[in-house]
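> The following comprises the amino acid sequence and a computationally predicted model.
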Amino acid sequence: MTYLTLIWTFFRVGIFNELAYRINFYVQLFQSLISLGTALAGLAVVFSHTQTLGGWQANEILVLLGIYLLVGGLIQMVIQPGMETLMSGVRQGTLDFTLTKPEDAQLLISIGEIRIWKFTDILLGIGVIIFALFRLEHEPGLQELGHFSLVLLSGIAIIYSFWLILATLSFWFIRVDNILNIFQAMYQAGRWPIGIYPQWLRLILTFLVPVAFAVTVPAEALSGRLSQTSLLTAAALAVGMLALSRWFWKFGVKNYSGVSA
């Protein structure tokens, strides 16, 4: 319960901080609607010339788009701010204060800053998913919902671990921001099914920059396309990535000399 209380405390602090600048909510909502409108326009253009894309129907890709928005919102609300704080903390020496606190430093870094207005992307993503499932006339059963929950959590864990590993590199390299910018650019490819890309790009988006497990695999689960192999691979990779990122974080902290060195 201590960790849950700590997470809730930081979440409340994030709300209070953002409420001081309420205009940001309207700016974020406008940006989210523009992003959604652009994506829907792209879908309309593509499916005005074809019935399927890589074996996916329009409404199935709409489900995928909703998951893309949901996961992207979560990344920008919690994961990205925390990793940016880690990198700037190493450069400026403020990470020392975090490391001396009694709670787990990785947890404090991960939830230290929450951009609550990014929650609009999460809500829009959920809305798009529900609308797309209604259009598909497909009501997921309990098993499909269970598989969806498992692969979605696995995808989020994989993305979090990936970001943590990259951010931990800042213990040895001064600027890692450009690498994270590359991830953001690659994540844009996630609004389309991974299967439509060339083999070399599919491999990159699956194993090097794990967009496939964050977006495409959960969409497969909701639309009834998920294979047992993809389910087990996502779960196993999530466990492996969490363990690897935790070890790499501890290794980085162990070799961190601090600003006073």
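Yes, it's here. Values in this document were obtained by computation on a predicted structure and should not be read as measured data. Residues are numbered from 1 along each chain as shown.
> where exactly do the strands run in this structure?
Taking DSSP state E as the test, the strands found in the chain are 52-53, 56-57.
> pLDDT averaged over the first one, what's the number?
Model confidence over strand 52-53, given as mean pLDDT, is 86.
> ranges for the helices of the stretch 51-200 of the chain?
If DSSP state H, counting those that start in this stretch is used as the criterion, the helices of the stretch 51-200 of the chain fall at 58-74, 80-92, 95-99, 105-111, 119-136, 142-168, 177-187, 199-203.
> Point out the most buried one among these.
Of the helices of the stretch 51-200 of the chain, the one with the most neighbours on average (mean count of other Cβ atoms under 10 Å) is helix 58-74, at a mean of 24. The C-beta positions use only the backbone N, C-alpha and C, and glycine is treated the same way.
> now for that helix, which elements pack on it?
Contacts defined by 3 or more Cβ pairs under 8 Å, 6 or more residues apart in numbering; DSSP states H and E place helix 58-74 against helix 23-47, helix 119-136, helix 142-168, helix 217-222.
> Confidence-wise, which of those helices is weakest overall?
The stretch with the lowest average pLDDT out of these is helix 23-47, scoring a mean of 84.
> Tell me what angle that helix forms with helix 58-74.
Here the directions of helix 23-47 and helix 58-74 differ by 150 degrees (axes from the mean of the first three to the mean of the last three Cα atoms, to 10 degrees).
> list the helices and strands helix 23-47 packs on?
Going by 3+ Cβ pairs under 8 Å, 6+ apart, helix 23-47 lies up against helix 58-74, helix 119-136.
> I'd like to know which of the ones you listed lies nearest to Ser245.
Nearest to Ser245, of all the helices and strands packed on helix 23-47, is helix 58-74, at 16.8 Å by Cβ to Cβ.
> just to revisit the earlier point, looking at the helices of the stretch 51-200 of the chain, which is nearest to Leu237?
Of the helices of the stretch 51-200 of the chain, nearest to Leu237 by Cβ to Cβ is helix 142-168, at 5.9 Å.
> Return the residues in contact with Leu40.
Contact analysis of Leu40 by Cβ atoms under 8 Å, 6 or more residues apart in numbering lists Leu65.
> What separation do you get for it and Arg135?
Relative to Arg135, Leu40 is positioned 13 Å away (Cβ to Cβ, to the nearest Å).
> re the thing from before, with distance to Ile34 added, can I get the helices of the stretch 51-200 of the chain in JSON lines?
Output for the helices of the stretch 51-200 of the chain, formatted as JSON lines (distance: least, Cβ to Cβ, whole Å):
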{"stretch": "helix 58-74", "distance to Ile34": "12"}
{"stretch": "helix 80-92", "distance to Ile34": "19"}
{"stretch": "helix 95-99", "distance to Ile34": "35"}
{"stretch": "helix 105-111", "distance to Ile34": "29"}
{"stretch": "helix 119-136", "distance to Ile34": "11"}
{"stretch": "helix 142-168", "distance to Ile34": "24"}
{"stretch": "helix 177-187", "distance to Ile34": "17"}
{"stretch": "helix 199-203", "distance to Ile34": "27"}
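> who wins for proximity to Phe25 among the ones you listed?
So among these, helix 119-136 is nearest, using Cβ to Cβ, at 7.6 Å.
> Could you list every helix and strand in contact with the closest one?
helix 23-47, helix 58-74.
> now the ones you listed as CSV including distance to His147?
Compiled in CSV, the helices and strands packed on helix 119-136 are given as follows (distance: least, Cβ to Cβ, whole Å):
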stretch, distance to His147
helix 23-47, 25
helix 58-74, 13
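> Pro210 is nearest to which of the ones you listed?
Closest among these, using Cβ to Cβ: helix 58-74, at 11.1 Å.
> Leu153 contacts Leu242, doesn't it?
No: at 11.0 Å, Leu153 does not count as touching Leu242 under the criterion of Cβ atoms under 8 Å.
> who's in contact with Gln106?
164, 246, 249.
> burial count for the second one?
Close neighbours of Arg246, defined as other Cβ atoms under 10 Å, add up to 13.
> State the distance from the residue nearest to Thr94 when sequence neighbours are not counted to Ile174.
Leaving aside its sequence neighbours, Thr94 sits nearest to Ser88 (Cβ to Cβ, 6 or more residues apart in numbering; 7.4 Å). According to Cβ to Cβ, Ser88 and Ile174 sit 11 Å apart.
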